[in-house]
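Asks: Compute the structure for the input listed below.
(one chain, ligands or ions: 2)
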Amino acid sequence: MSDKSFKAEKVIEGMAKKLNRQIVGSLVACVHCGMCTDSCHYVLANPDDPTYAPAYKADRIRKIFKRHYDWTGRVLPWWVGAKSVNTDEDLEEIKDIVFGKCTNCRRCTINCPMGVDYATFNRMMRGLLVSVGVMPEGVAVVSKDQWEIGNQMGVLKEDYLDTIEWMESEMKEELEDPDFSIPIDKMDADVIYTINPREVKYDPRTIADAAKIFYLAGENWTMPSEGWDMTNFGLFSGDDALGGAVALRVYEKMKELRGGKLVISECGHGYRSTRCEGPNWAGIDQDFLMESSVLTMLDYVKSGKIEVDKTRNTASYTFHDSCNNARSCGLYEEPRELLNLVVSDFREMYPNRNENYCCTGGGGAMSMSEYTPLRLKSAKIKADQLKATGASVVVTSCHNCVDGLTDLIKHYNLGMEVTQLVNLVSNAVIIPEKVGEKVEVEPKVKKLPLEGKKILVVDDEPDILVFFTSVLEDNGATVFEATNGEDAIALLIKEKPDMMTLDINMPGKDGGWVFENLRKNPDIAETKVCIVTGRPELRRLIYDRPVPPPEGYLDKPVDEETLLLNVKKIIEVG
Ligand code: SF4
Ligand code: SF4
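Replies: Ligands and ions are numbered 1, 2, ... in the order given. Take a look at the predicted model:
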């Protein structure tokens, strides 16, 4: 009888199917010279702990390979340091290495004279662990959403279409043009525009900005009603089957619409997954063009399809290279060229391009809350890099980096803002006179957007209560506060608010209890709910309940703009 656990056996068996020339080359090539050591942000933050060194982390996987798939390790395991995995505890220990101590940023690869690509077999190991259910809970939650709902943030089709309609009406007003539209499922368009679900949930302005740019460039474009999520959690989880299924959704919709070119909005892992890795995972050849929206916007500016005025972006800007866009896909110069066309004060960050440090939220790290303290500690080098630029705004072409950078900027009190090229191009673009001539604009009395709305804020953290309340009151809402579940239910019954923001994790009766009681009480069941949590894995405490789901959710930390955008959307006010 085997001395190994069932899961350990499956992981060893599965490794045989994953080994290819690239992975085996990296597994056997390391000469332990140590030149990669200082390239890793985890090492820089933990200089006295050798277990963070890339070669040390890689060796834990390499030892398994040697023990089972390399003849020297099979015959003389003690000689080559081969070591198998035997128990579920062994797998848990490896989980903490491959998910918790590496963001798959590939900076060590660039600095290895032997060409060892640790991140590639780190991803392989993630996939093997995921195949036996050993993974951080956040990875399980996000993967489930992408398998079942078709996008990694669980955005329902109606929410996606509602958000686009909302942005369309915002742009009609901004451009003063009733003919402005965001076409959906238009056949034979030259451009099919795909996005990150984060844009729908937290940053719909990026959709509006892109739409404005396409419109002013006179593009024949559309957004698909399905297969619109170009992100792919398979890249982070190592699950090639998920990676292939997600990529295929995008490709199939593109073909169904007979689109000319697939344009991928600013997202590093989405770009890498959809354009570079997806066809391999899906096992198909692609015969249509795919490009980053950075290239599309650059072409519009350089060809004169849109005119820009760089003096409109008045701050000082630096640029953060996303690991996936830059190191893995070679997108170094185009974003800088575009940035220099739309801002006057650009300050390079050092090191940059292929030597840039990860935002430290890469590789899916933002979804793994158990490793947050280590992630933020390892972000020190990135914080130092940002600070040294003296810029007030950091620009990045990646939604994941926006979140990673925002989090570390807050943690290290840098006082910087984060934005993307699409926002800067949109702000700089000159709107031709003819667009504005189409409607007469009535002078309006400015009304606060949440005037007349009642909102209950439920959270046990005093600073969140103060922050949410002041943002919502500044925008016209009447706000009630509760710090525990019982008070929340009492206020819901008494005040009948239009909506509630609800923290899940509270002492005593938690958010899950409040949510189920609310939905089961016919007097208050229709109250709109926005779940707020700093621990995405707790979302199942809400979504697994036998009641209609909440109208929205937000992950902490929440900034003012995100809070307001989501509250307005949930409460359905323009
Ligand atoms: S630089 Fe390359 S060869 Fe040297 S220790 Fe790191 S992975 Fe091994
Ligand atoms: S891939 Fe990045 S995070 Fe992982 S070991 Fe290498 S440098 Fe460190």
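
Asks: can you give me phi and psi for Thr222?
Replies: For Thr222, the backbone dihedrals (degrees, to the nearest 10) come out as phi -160, psi 160.

Asks: Cross-check the contact I'm expecting between Met35 and Val116.
Replies: No: using C-beta atoms under 8 Å, Met35 is not in contact with Val116; the gap is 10.1 Å. Quick note: C-beta positions are derived from backbone N, CA and C, even for glycine.

Asks: Doesn't Val395 belong to a strand?
Replies: Yes: the assignment for Val395 is a strand, going by DSSP: H, G, I helix; E, B strand; the rest coil.

Asks: I'd assumed His320 was in contact with it.
Replies: Yes: under the criterion of C-beta under 8 Å, Val395 makes contact with His320 at 7.2 Å.

Asks: Met35 and Val116: which is more packed in?
Replies: Val116 (24 against 15; other C-beta atoms under 10 Å).

Asks: Assign the more buried one to one of the three secondary structure states.
Replies: Per three-state DSSP, Val116 ends up coil.

Asks: isn't it right up against Gly34?
Replies: No: counting by C-beta under 8 Å, Val116 does not reach Gly34; the two are 12.0 Å apart.

Asks: and Met35, what is it in contact with?
Replies: Asn111, Cys112, Pro113 (C-beta atoms under 8 Å, 6 or more residues apart in numbering).

Asks: 10 Å - rerun?
Replies: Pro54, Ala55, Cys108, Asn111, Cys112, Pro113, Met114 (C-beta atoms under 10 Å, 6 or more residues apart in numbering).

Asks: re earlier: shared neighbours of Val395 and His320, which are they?
Replies: With C-beta under 10 Å, 6+ apart, Val395 and His320 have common neighbours Pro335, Cys401, Val402, Leu405, Val418.

Asks: The residue nearest to Ile110 when sequence neighbours are not counted and Ile381: what is the separation?
Replies: Among residues not flanking Ile110 along the chain, Asn354 sits closest, at 5.2 Å (C-beta to C-beta, 6 or more residues apart in numbering). The gap separating Asn354 from Ile381 is 16 Å, by C-beta to C-beta, to the nearest Å.

Asks: ditto for Glu572
Replies: 44 Å.

Asks: Those two - which one has more neighbours?
Replies: Ile381 (17 against 12).

Asks: Please name every helix or strand in contact with the top helix by length along the chain.
Replies: Secondary structure assigned by DSSP state H gives helix 157-175 as the longest helix of the chain. Judged by 3 or more C-beta pairs under 10 Å, 6 or more residues apart in numbering; DSSP states H and E, helix 157-175 is in contact with helix 197-201, helix 205-216, helix 560-571.

Asks: Mind checking the pLDDT average for the last one?
Replies: In this case it means helix 560-571. For helix 560-571, mean pLDDT is 86.

Asks: Including secondary structure and pLDDT, could the contacts of Met35 go into JSON lines?
Replies: Shown next, in JSON lines, are the contacts of Met35 (DSSP: H, G, I helix; E, B strand; the rest coil; pLDDT from 0 to 100):
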{"residue": "Pro54", "secondary structure": "helix", "pLDDT": "98"}
{"residue": "Ala55", "secondary structure": "helix", "pLDDT": "98"}
{"residue": "Cys108", "secondary structure": "helix", "pLDDT": "98"}
{"residue": "Asn111", "secondary structure": "coil", "pLDDT": "96"}
{"residue": "Cys112", "secondary structure": "coil", "pLDDT": "97"}
{"residue": "Pro113", "secondary structure": "coil", "pLDDT": "96"}
{"residue": "Met114", "secondary structure": "coil", "pLDDT": "97"}
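
Asks: So which of those wins on neighbours?
Replies: Going by other C-beta under 10 Å, Pro54 tops these with 28 neighbours.

Asks: From Ser26, how far out is it?
Replies: Distance from Pro54 to Ser26, by C-beta to C-beta: 11 Å.

Asks: show me what contacts the closest residue to Ala119 other than its chain neighbours?
Replies: Excluding the flanking residues, the one nearest Ala119 by C-beta to C-beta, 6+ apart is Asn104, at 4.1 Å. Shown in contact with Asn104 (C-beta under 10 Å, 6+ apart): 98, 118-120, 122-123, 126, 235-236, 238, 269, 323-324, 328, 358, 362-365.

Asks: rerun at 6 Å
Replies: By C-beta atoms under 6 Å, 6 or more residues apart in numbering, the contact set of Asn104 is Ala119, Asn122, Arg123, Gly363.

Asks: packing partners for the helix or strand that contains the second one?
Replies: What it means is Asn122. According to DSSP states H and E, Asn122 maps onto helix 118-131. Under the contact criterion of 3 or more C-beta pairs under 6 Å, 6 or more residues apart in numbering; DSSP states H and E, helix 118-131 touches helix 6-18, helix 21-29, helix 54-69, helix 88-98.

Asks: if we can go back for a sec, export the longest helix of the chain to CSV, keeping only CA atoms.
Replies: The C-alpha trace of helix 157-175 is given here as CSV (Å, rounded to 0.1, in the frame of the first residue of the first chain):
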residue,chain,number,x,y,z
LYS,A,157,-25.2,39.8,-18.0
GLU,A,158,-28.0,42.3,-17.0
ASP,A,159,-25.6,44.2,-14.8
TYR,A,160,-23.0,44.4,-17.6
LEU,A,161,-25.6,45.7,-20.1
ASP,A,162,-27.1,48.1,-17.5
THR,A,163,-23.7,49.6,-16.8
ILE,A,164,-23.0,50.1,-20.5
GLU,A,165,-26.4,51.8,-20.9
TRP,A,166,-25.6,54.0,-17.9
MET,A,167,-22.2,55.0,-19.4
GLU,A,168,-23.9,55.6,-22.7
SER,A,169,-26.3,58.1,-21.1
GLU,A,170,-23.4,59.7,-19.2
MET,A,171,-21.5,60.2,-22.5
LYS,A,172,-24.6,61.5,-24.4
GLU,A,173,-24.7,64.2,-21.8
GLU,A,174,-21.0,64.9,-21.7
LEU,A,175,-20.6,65.1,-25.4
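
Asks: Distance to ligand 2 and neighbour count added to the contacts of Asn104, as CSV?
Replies: Formatted as CSV, the contacts of Asn104 follow (distance: C-beta to the nearest ligand atom, whole Å; neighbours: other C-beta atoms under 10 Å):
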residue, distance to ligand 2, neighbour count
Ala119, 4, 24
Asn122, 6, 26
Arg123, 10, 24
Gly363, 7, 27
